[in-house]
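In: I would like the atomic coordinates for the input below:
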Amino acid sequence: MHEEDDEDEYEEPTDKVPQNNEGHMSQQEVAEVLGMSRSRVSELEKKALRKFKYYLLKKYKEEDL
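Out: Residues are numbered from 1 along each chain as shown. A predicted model of the protein is given here:
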């Protein structure tokens, strides 16, 4: 298969994303778009929020020094 063939078959993930009035999606909507369970989306969301919190705490603690 050629690289050009792969590009023709590529579908932008945003084409599948339903948009509501506020631009937010439920965990179930995200799961359906990505083809995973809602519980897996929840796990990934929690992990991302923990990492973000750690980053912010570390960044602002260093600024106080």
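In: how much space between Glu32 and Gly23?
Out: Using C-beta to C-beta, to the nearest Å, Glu32 is found at 17 Å from Gly23. Backbone N, C-alpha and C define where each C-beta goes, glycine included.
In: what about the nearest residue to Val30 once chain neighbours are set aside, neighbour count?
Out: Distances taken as C-beta to C-beta, 6 or more residues apart in numbering place Val41 nearest to Val30, at 4.9 Å, with adjacent residues excluded. By other C-beta atoms under 10 Å, the residues close to Val41 number 20.
In: so which strand or helix has Val41?
Out: If you go by DSSP states H and E, Val41 is part of helix 38-64.
In: mean confidence score for that helix?
Out: Per-residue pLDDT over helix 38-64 has a mean of 91.
In: next, the buried residues of it.
Out: Of the residues in helix 38-64, those buried under the neighbour-count criterion (16 or more other C-beta atoms under 10 Å) are Val41.
In: tell me what that helix is packed against?
Out: Judged by 3 or more C-beta pairs under 8 Å, 6 or more residues apart in numbering; DSSP states H and E, helix 38-64 is in contact with helix 27-34.
In: just to revisit the earlier point, got the angle for the helix holding Val41 vs helix 27-34?
Out: 100 degrees (axes from the mean of the first three to the mean of the last three C-alpha atoms, to 10 degrees).
In: so Glu32 and Gly23 - more neighbours on which side?
Out: Shown here are Glu32 and Gly23; by other C-beta under 10 Å, Glu32 has more neighbours (15 against 7).
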